[in-house]
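**Q** below: sequence and its predicted model.
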Amino acid sequence: MKRDDRQQAIMDLLVSDGEVELDALADRFAVSRMTIHRDLDELEGGGLLRKIRGGATIASGTRFESDFRLRERQGEPAKTAMAEAALALIEPGMTVMINDGSMAAILGRMCVARRPLTVITNNAAVLDALRGEAGITLIALGGTYSAKFNAYLGKVAEDAIARLRADICFISSPAVSGLEVFHMDDDVLRVKRAMIDAAATRVLLVNHARFGHAALHRLAGLDEFDHIITDRAPARDILDALARAGLTLTLADKDQAA
């Protein structure tokens, strides 16, 4: 098997399993451990994974988030459920801000069901989905394009947001610890923070598995959001802590919410 094909197969395994072991990869592809080490080094250098002892993972860490191209292939049912719950908060005529991320991209595609709308976004997937759609006034935030996040970031984007106001913004996060929201990338965080500050209503979208995890940079307190949407209930101790703080989760999983 050629190197590129082997590395693509490694990434396919990571998408399905989340984590791979070095020895198992060497056996699977009938190559040396050193060859797999080199494969993992190259993939890590491209920001596609992070190496751990004895293998590699695409799970988020305090300073790592996997590539958009991988995240958009994971957990689609949960993302779709959260996007549908978020869509229920949008009314025709609103100005809506949507941040980067694969789940936000799904929400962006759904926005046509609520037109007419003005949609402000730095998410390239949302821009691709909505350009040319009748009834959608699309405001693209400029900035430096990041392939890793498939989004436009940096001072140009931040300055543009500061001159705008939205009825509602949708912010996704890879980490919630205690009563605080985190992100591992400072450039991404600053754009999210600008959106929070520019919106009348703020909505946090976070997978239940991301509760109980911190990242390098603090984004906001949970109490800064008017709605917190997750796919299903996190652990009981987390639910209890949120209840004590007077915070309510919206569970997108209809069976759990019933």
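**A** Thanks, I have it.

**Q** and the spatially most central residue of the chain, its phi and psi?
**A** Centroid check for the chain by C-alpha atoms, centre = their mean gives residue 101 as the closest residue, at 3.7 Å. Backbone geometry at residue 101, expressed as degrees, to the nearest 10, gives phi 120, psi 150.

**Q** same deal with the one 10 residues further on?
**A** Main-chain dihedrals, residue 111, degrees, to the nearest 10: phi -60, psi -20.

**Q** I figured it was touching residue 120, is that so?
**A** No. Using C-beta atoms under 8 Å, residue 111 is not in contact with residue 120; the gap is 11.3 Å. C-beta coordinates here come from the backbone N, C-alpha and C atoms, glycine included.

**Q** list residues touching both of the two?
**A** 96, 98 (C-beta atoms under 8 Å, 6 or more residues apart in numbering).

**Q** that older thread, for residue 130, see how far away the residue nearest to the centre of the chain is.
**A** Distance of residue 101 to residue 130, computed by C-beta to C-beta, to the nearest Å: 16 Å.

**Q** and residue 201, which helix or strand is it part of?
**A** strand 199-205 (DSSP states H and E).

**Q** between the very next helix or strand once past that strand and strand 199-205, how many degrees?
**A** Per DSSP H and E, strand 199-205 leads on to strand 217-221 as the next helix or strand towards the C-terminus. Relative orientation of strand 217-221 versus strand 199-205 (axes from the mean of the first three to the mean of the last three C-alpha atoms, to 10 degrees): 120 degrees.

**Q** all helices of the stretch 151-258 of the chain, in order?
**A** Secondary structure of the stretch 151-258 of the chain by DSSP state H, counting those that start in this stretch: the helices cover 155-162, 186-198, 236-244, 254-257.

**Q** can I get the ones you listed in CSV with distance to residue 39, mean neighbour count and mean pLDDT?
**A** Below are those laid out as CSV (distance: least, C-beta to C-beta, whole Å; neighbours: other C-beta atoms under 10 Å; pLDDT from 0 to 100):
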stretch, distance to residue 39, mean neighbour count, mean pLDDT
helix 155-162, 34, 17, 97
helix 186-198, 27, 20, 97
helix 236-244, 37, 13, 95
helix 254-257, 39, 11, 57
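
**Q** how about these, which one is nearest residue 20?
**A** Nearest to residue 20 among the helices of the stretch 151-258 of the chain is helix 186-198 (25.9 Å), distances taken as C-beta to C-beta.

**Q** average pLDDT for stretch 113-121?
**A** Stretch 113-121 carries an average pLDDT of 97.

**Q** for stretch 93-102, that is, sorry about that
**A** Stretch 93-102 shows a mean pLDDT of 95.

**Q** can you give the distance from it to the centre of its chain?
**A** Centre-to-centre, stretch 93-102 and its host chain are 13 Å apart (C-alpha atoms, centre = their mean, to the nearest Å).

**Q** ditto for stretch 212-224
**A** 14 Å.

**Q** so which residues make contact with that stretch?
**A** Contact partners of stretch 212-224, identified using C-beta under 8 Å, 6+ apart, comprise 60-63, 171, 173-177, 179-186, 189, 192-193, 196, 202, 204, 228, 234-235, 238, 242, 245, 247.

**Q** and stretch 3-23, by the same measure?
**A** With contacts defined as C-beta under 8 Å, 6+ apart, stretch 3-23 is touched by 1, 25, 29, 31, 33, 36-37, 39-40, 42-43, 48-49, 52, 54-59, 70, 73-74.

**Q** let's see that with 6 Å instead.
**A** 29, 36, 39, 43, 54-59, 70, 73 (C-beta atoms under 6 Å, 6 or more residues apart in numbering).
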